[in-house]
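1. model this:
(one chain, ligands or ions: 1)
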Amino acid sequence: MKLLFLISFIFLIDLYFYFGVISFFEKQPVGQVIFKISYWLLSLIVYVALIYLILYSDETTPSIKFNNNIIYSSLFFIFFSAKLVGCVPLITDDILRLFKQIFNLFSSNESKLDVSRLNFLRNTALFASGFIVSSMLLGIKFGRFNFKKYFSNISIKGWNSDYKIVHLSDLHIGSFNSVEKVEEIVNIVNDQNPDLIVFTGDLVNNYYNEVLPYVDVLKKLKAKDGKYSVLGNHDYCDYVGWKRSSVEWRENFENMKKIQSKIGFDLLLNDSRVINSSSNSFNIVGVENWGAGNFNKDGDLDKAMIGVDDKLPTILLSHDPSHWRNAVLKSKYLIDLQLSGHTHGMQFGIEIPGFKWSPVSFRYKEWAGLYKESDKQIYVNRGLGHLGYAGRVGIMPDISILNIKS
Ligand SMILES: [Fe+2]
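-> The predicted structure follows:
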């Protein structure tokens, strides 16, 4: 039933977009035929792939359905988002035409308005969709594994001397399909000779066993004062239809904890540690996932802060940046810096020196980089992996190198 609803919805968008833009090829019969054939052929491929993925995917494999079927899921995301964006100018045009029709009902023959489609808006729809399709296709080839080092200086009151944290997040390792690419990340990180490595969640798409082929590589990550991690919303296996009380769910969760320790991550589940390096002492606190809206809220800041020495600077690991504004800023705790991920910068946007924008900024006020509010700060990693769409446009896979200083 859900599948039928989904296909009908996509088909309606397809039809609406098609009839909205087809007049562009009015005077070009050859172009019109090419457009018709390629448009419906591509749409058909997406429908067949979608039905196949939903009906025939083996849910017991490490990466289920969408996220392991990179090509199908990416095709779906590319064409769906392109048509959806293209529909915006078309809908604007139709609203205008509706108002004109209403006006015409009450006006004389001489003053009636032309209600045909505006060429400008139709062309905008075509251009926007074409731009999205081509940039997203290029983003698979050139963005997907284009790991970028993002350097930031972050001042914390009471800090002694410069300290290097490599902050990673959102590997979504089931979508990688390449041990070599993960090895490349490990080499980039180790070359930095970090004091500390932190990982802020979404190691997997769903299942712990997505990590199995990568354990030996991830174990090679090295930092003087250790490697700490927290869980993201995807690490709970909540999206496969298992109840949390089921044996399968519990087994997966236990194995998830074990595999984190196997790769050398000290997983903080509403817990804390004191890091005593040669020149700095500070608290590292980690909460389980806490996300605004429908996301799970297993994070318990009060529990995590039990026994934390508030005379030392405190860094909090919390997967979802919405936790900061919704809970951390409102709390009584002195948390100098929160490190988060989750947004992926939507894997699509613009980022140039002095300016950054992504559609995800409509949903998350803090979505990439450093943000301050009085003496509290949050740094949001753009994610290393990908989900659904196997590419990156504008917002690259993120290896954050944070220089913490006084
Ligand atoms: Fe994620």
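
2. what's stretch 398-406 in contact with?
-> 147-169, 185, 188-189, 192, 194, 280, 337, 339, 345, 379, 381-384 (CB atoms under 8 Å, 6 or more residues apart in numbering). For every residue, glycine as well, the C-beta is placed using N, CA and C.

3. again, but for stretch 299-309
-> The contact list for stretch 299-309, computed with CB under 8 Å, 6+ apart, reads 268, 270-272, 274, 283, 285-290, 314, 316, 318, 323, 327-328, 331, 333.

4. now the end-to-end length of it.
-> 20 Å (CA to CA, to the nearest Å).

5. The stretch 101-250 of the chain: strands as residue ranges?
-> Under the criterion DSSP state E, counting those that start in this stretch, strands of the stretch 101-250 of the chain are mapped to 148-155, 163-168, 196-199, 227-229.

6. Now distance to the ion, mean neighbour count and mean pLDDT too, for those, in CSV please.
-> Below are the strands of the stretch 101-250 of the chain laid out as CSV (distance: least, CB to the ion, whole Å; neighbours: other CB atoms under 10 Å; pLDDT from 0 to 100):
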stretch, distance to the ion, mean neighbour count, mean pLDDT
strand 148-155, 17, 14, 97
strand 163-168, 12, 23, 98
strand 196-199, 12, 26, 98
strand 227-229, 14, 25, 98
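
7. can you count the residues close to Asn280?
-> Asn280 has 21 neighbouring residues, counting by other CB atoms under 10 Å.

8. how near is it to the ion?
-> Distance, Asn280 to the ion, using CB to the ion, to the nearest Å: 30 Å.

9. these two touch, right, that residue and Trp159?
-> Yes - contact criterion CB atoms under 8 Å: Asn280 and Trp159 qualify, at 6.3 Å.

10. what is in contact with the two at once?
-> Shared contacts of Asn280 and Trp159 (CB under 8 Å, 6+ apart): 313, 404.

11. Check which helices and strands the helix ranked longest in the chain sits against.
-> Taking DSSP state H as the criterion, the chain has its longest helix at helix 70-105. With contacts defined as 3 or more CB pairs under 8 Å, 6 or more residues apart in numbering; DSSP states H and E, the packing partners of helix 70-105 are helix 2-21, helix 29-56, helix 65-68, helix 119-142.

12. Can I get the ones you listed in a markdown table including mean neighbour count, distance to Gly299 and mean pLDDT?
-> Below are those laid out as a markdown table (neighbours: other CB atoms under 10 Å; distance: least, CB to CB, whole Å; pLDDT from 0 to 100):
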| stretch | mean neighbour count | distance to Gly299 | mean pLDDT |
| --- | --- | --- | --- |
| helix 2-21 | 14 | 30 | 84 |
| helix 29-56 | 13 | 31 | 83 |
| helix 65-68 | 20 | 24 | 48 |
| helix 119-142 | 16 | 32 | 90 |
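
13. Figure out which of those helices is closest to Leu90.
-> Among the helices and strands packed on helix 70-105, the nearest to Leu90 by CB to CB is helix 2-21 (3.9 Å).

14. Between helix 119-142 and that closest one, find me the angle.
-> Calculated by axes from the mean of the first three to the mean of the last three CA atoms, to 10 degrees, helix 2-21 forms an angle of 130 degrees with helix 119-142.

15. Export helix 2-21 to CSV, keeping only CA atoms.
-> Output in CSV follows, covering the C-alpha atoms of helix 2-21 (Å, rounded to 0.1, in the frame of the first residue of the first chain):
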residue,chain,number,x,y,z
LYS,A,2,2.8,2.4,1.0
LEU,A,3,4.7,1.4,-2.2
LEU,A,4,1.6,2.2,-4.3
PHE,A,5,1.2,5.5,-2.6
LEU,A,6,4.9,6.4,-3.1
ILE,A,7,4.9,5.4,-6.8
SER,A,8,1.7,7.3,-7.4
PHE,A,9,3.2,10.4,-5.8
ILE,A,10,6.3,10.2,-7.8
PHE,A,11,4.3,9.6,-11.0
LEU,A,12,2.2,12.7,-10.3
ILE,A,13,5.3,14.8,-9.9
ASP,A,14,6.6,13.2,-13.2
LEU,A,15,3.4,14.0,-15.0
TYR,A,16,3.2,17.6,-13.6
PHE,A,17,6.8,18.4,-14.5
TYR,A,18,6.5,16.8,-18.0
PHE,A,19,3.4,18.7,-19.0
GLY,A,20,4.8,21.9,-17.4
VAL,A,21,7.9,21.9,-19.6
